[in-house]
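Participant: Okay, structure incoming, though there's no sequence with it:
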């Protein structure tokens with residue numbers, strides 16, 4: 001904490017008996033700003049601040065699952081780091097796309113699905129990858145975007161407009 005401005009801790013952040021990150025951070029004097037977000041994947045997410053010699057230190061506790069790691073980094077941490085580093089020109093690349101397949105999701109959670117977009121006839125079209133399980137790392141290697149589905153949606157139909165975030 002003394003040497004770093006931002007710390008990313010992977011794993012040990014959920015509810016199990018071996019998830020010790022939160023209690024350890026508490027003993028180190030890290031003030032939690034939030035823990036757990038209503039999204040899939042990456043529900044267990046910790047963000048806290050430690051004041052050290054008039055400097056703020058930022059601590060992220062992210063799930064140990066590699067797909068959850070990837071998603072939360074892309075949608076949250078990357079833009080945080082860019083802005084913290086003074087990069088005023090960085091902007092997340094969000095677009096509207098036409099869904100090419102039906103999607104079912106749970107109400108009340110924001111979803112970030114791995115997908116593949118194509119741009120044709122001046123329009124984005126997006127298809128979710130088949131297996132969205134957060135343990136399937138192969139889906140990250142194939143995806144060129146994340147499909148962002150807000151909390152209020154349950155069933156989306158082919159032809160619906162959705163938001164996508166392009167992956168670099």
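Facilitator: Thanks, I have it. Treat the numbers as computed from the prediction; the structure is a model and nothing was measured. Numbering: from 1, shown residues only.

Participant: only C-alpha atoms for contact and neighbour calcs from this point on.
Facilitator: OK.

Participant: Residue 98 in helix, strand or coil?
Facilitator: Following DSSP: H, G, I helix; E, B strand; the rest coil, the label given to residue 98 is strand.

Participant: All the helices of the protein, in order from the start?
Facilitator: When assigned using DSSP state H, the helices of the chain occupy the ranges 21-27, 66-72, 78-84, 138-142.

Participant: center of the chain - which residue?
Facilitator: In the chain, the centroid-proximal residue (CA atoms, centre = their mean) is residue 72; its distance is 2.2 Å.

Participant: Who are the contact partners of that one?
Facilitator: 42, 62 (CA atoms under 8 Å, 6 or more residues apart in numbering).

Participant: circling back to that earlier point, distance to residue 150 and mean pLDDT added to the helices of the chain, as CSV?
Facilitator: CSV is the format used below for those (distance: least, CA to CA, whole Å; pLDDT from 0 to 100):
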stretch, distance to residue 150, mean pLDDT
helix 21-27, 28, 89
helix 66-72, 15, 91
helix 78-84, 19, 92
helix 138-142, 20, 90
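
Participant: What is the neighbour count of residue 123?
Facilitator: Around residue 123 there are 11 other residues, counting by other CA atoms under 10 Å.

Participant: If it is in a bridge, with which residues?
Facilitator: Beta-bridge partners for residue 123, by DSSP bridges, are residue 120.

Participant: if I read this right, it contacts residue 117, doesn't it?
Facilitator: No - in this structure, residue 123 is not within contact of residue 117 by CA atoms under 8 Å, at 10.0 Å.

Participant: Tell me which of the helices of the chain is the most buried.
Facilitator: helix 66-72 (a mean of 20; mean count of other CA atoms under 10 Å).

Participant: Distance from it to the middle of the chain?
Facilitator: Chain-centre distance of helix 66-72: 6 Å, with CA atoms, centre = their mean, to the nearest Å.

Participant: cool, stretch 122-134 as well?
Facilitator: Centroid displacement of stretch 122-134 relative to its chain, using CA atoms, centre = their mean, is 16 Å.

Participant: next one: stretch 67-76
Facilitator: Mean-position distance between stretch 67-76 and its chain equals 4 Å (CA atoms, centre = their mean).

Participant: Distance across it, terminal residue to terminal residue?
Facilitator: End-to-end distance of stretch 67-76 (CA to CA, to the nearest Å): 14 Å.

Participant: Kind regards, and thank you for your time.
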